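Visitor: Dropping the sequence and predicted coords here.
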Amino acid sequence: MKPGIHPDYHPVVFQDASTGKTFLTRSTATSQRTIEWEDGNSYPLLIVDITADSHPFWTGTQRLVDTAGRVEKFNRRYGKRVR
(Lines give C-alpha, C1' and ligand atoms only; values in the text may rest on other atoms or scores of the structure.)
Protein backbone atom coordinates (compact mmCIF):
# COMPACT_ATOMS: atom_id res chain seq x y z
CA MET A 1 0.00 0.00 0.00
CA LYS A 2 1.22 3.48 -0.79
CA PRO A 3 1.71 5.63 2.30
CA GLY A 4 -0.44 8.74 2.78
CA ILE A 5 -3.24 7.96 0.30
CA HIS A 6 -5.50 5.70 2.36
CA PRO A 7 -8.14 6.90 4.86
CA ASP A 8 -7.72 6.25 8.58
CA TYR A 9 -8.99 2.74 9.39
CA HIS A 10 -9.87 2.52 13.08
CA PRO A 11 -12.19 0.77 15.58
CA VAL A 12 -15.80 2.06 15.56
CA VAL A 13 -18.94 1.00 17.45
CA PHE A 14 -22.14 0.64 15.41
CA GLN A 15 -25.53 0.72 17.13
CA ASP A 16 -28.83 -0.48 15.66
CA ALA A 17 -31.41 2.32 16.02
CA SER A 18 -34.37 -0.04 16.44
CA THR A 19 -32.95 -2.75 18.69
CA GLY A 20 -30.15 -0.89 20.47
CA LYS A 21 -27.66 -3.71 19.90
CA THR A 22 -24.06 -2.52 19.54
CA PHE A 23 -21.01 -4.14 17.99
CA LEU A 24 -17.38 -3.15 17.63
CA THR A 25 -15.70 -3.35 14.24
CA ARG A 26 -13.20 -1.40 12.15
CA SER A 27 -14.20 1.27 9.65
CA THR A 28 -13.12 4.51 7.98
CA ALA A 29 -16.34 6.21 9.16
CA THR A 30 -16.06 8.76 11.95
CA SER A 31 -18.45 10.43 14.37
CA GLN A 32 -18.43 13.15 17.03
CA ARG A 33 -20.37 10.83 19.38
CA THR A 34 -18.37 8.39 21.47
CA ILE A 35 -19.20 5.42 23.66
CA GLU A 36 -17.21 3.60 26.31
CA TRP A 37 -16.86 -0.04 25.29
CA GLU A 38 -16.59 -3.12 27.54
CA ASP A 39 -12.78 -3.00 27.40
CA GLY A 40 -12.78 0.48 29.00
CA ASN A 41 -11.74 2.32 25.83
CA SER A 42 -13.80 5.07 24.19
CA TYR A 43 -14.73 4.61 20.51
CA PRO A 44 -16.69 6.66 17.94
CA LEU A 45 -20.40 5.70 17.89
CA LEU A 46 -22.35 5.43 14.63
CA ILE A 47 -26.12 4.82 14.84
CA VAL A 48 -27.53 2.96 11.83
CA ASP A 49 -31.12 2.16 10.84
CA ILE A 50 -30.72 -1.52 9.96
CA THR A 51 -28.21 -4.19 10.95
CA ALA A 52 -28.32 -7.97 10.81
CA ASP A 53 -29.99 -7.82 14.23
CA SER A 54 -33.09 -6.06 12.83
CA HIS A 55 -33.07 -6.85 9.08
CA PRO A 56 -36.12 -8.91 8.01
CA PHE A 57 -33.98 -11.37 6.05
CA TRP A 58 -31.91 -12.33 9.10
CA THR A 59 -34.69 -12.14 11.70
CA GLY A 60 -37.22 -14.12 9.68
CA THR A 61 -39.95 -11.50 10.13
CA GLN A 62 -40.81 -10.53 6.58
CA ARG A 63 -42.99 -7.49 6.08
CA LEU A 64 -45.98 -7.85 3.80
CA VAL A 65 -46.38 -5.10 1.22
CA ASP A 66 -49.94 -4.31 0.13
CA THR A 67 -49.36 -4.16 -3.65
CA ALA A 68 -53.06 -4.40 -4.51
CA GLY A 69 -53.78 -1.30 -2.46
CA ARG A 70 -50.94 0.55 -4.15
CA VAL A 71 -52.28 -0.26 -7.62
CA GLU A 72 -55.79 0.87 -6.65
CA LYS A 73 -54.42 4.08 -5.20
CA PHE A 74 -52.49 4.73 -8.42
CA ASN A 75 -55.57 4.08 -10.56
CA ARG A 76 -57.68 6.44 -8.42
CA ARG A 77 -55.10 9.17 -8.60
CA TYR A 78 -54.20 8.95 -12.30
CA GLY A 79 -57.10 7.00 -13.77
CA LYS A 80 -56.97 3.92 -15.92
CA ARG A 81 -55.25 4.34 -19.23
CA VAL A 82 -57.56 3.71 -22.20
CA ARG A 83 -56.03 2.66 -25.51
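Guide: Here it is on my side, so go on.
Visitor: who does Y43 bridge with?
Guide: Y43 has these beta-bridge partners by DSSP bridges: I35.
Visitor: who's in contact with it?
Guide: P11, V12, V13, L24, T34, I35, W37 (CB atoms under 8 Å, 6 or more residues apart in numbering). Backbone N, C-alpha and C define where each C-beta goes, glycine included.
Visitor: if I look at the last one, how far off is G4?
Guide: When distances are taken as CB to CB, to the nearest Å, W37 and G4 turn out to be 29 Å apart.
Visitor: Doesn't R70 belong to a strand?
Guide: No. Counting by DSSP: H, G, I helix; E, B strand; the rest coil, R70 is not found in a strand; it is helix.
Visitor: Run a quick neighbour tally on it.
Guide: By other CB atoms under 10 Å, 10 other residues sit near R70.
Visitor: Kindly report the same for L46.
Guide: What L46 shows, counting by other CB under 10 Å, is a neighbour count of 17.
Visitor: Now do the contacts for A17.
Guide: Applying CB under 8 Å, 6+ apart, the residues near A17 are I47, V48, D49.
Visitor: about what we covered before: more neighbours: W37 and G4, which one.
Guide: Neighbour count, other CB under 10 Å: between W37 and G4, W37 has more, with 14 against 5.
Visitor: so the more buried one touches V13, yeah?
Guide: Yes. Taking CB atoms under 8 Å as the definition, W37 is a contact partner of V13 at 6.2 Å.
Visitor: Need the overlap of contacts for these two.
Guide: Joint contacts of W37 and V13 (CB under 8 Å, 6+ apart) are L24, Y43.
Visitor: Show me where the chain has its strands.
Guide: For the chain, the strands defined by DSSP state E cover 10-16, 22-27, 34-36, 42-48.
Visitor: Quick one: closest of the ones you listed to S54.
Guide: strand 10-16 (5.3 Å; CB to CB).
Visitor: And that closest one, what does it pack against?
Guide: Where contact means 3 or more CB pairs under 8 Å, 6 or more residues apart in numbering; DSSP states H and E, strand 10-16 is packed against strand 22-27, strand 42-48.
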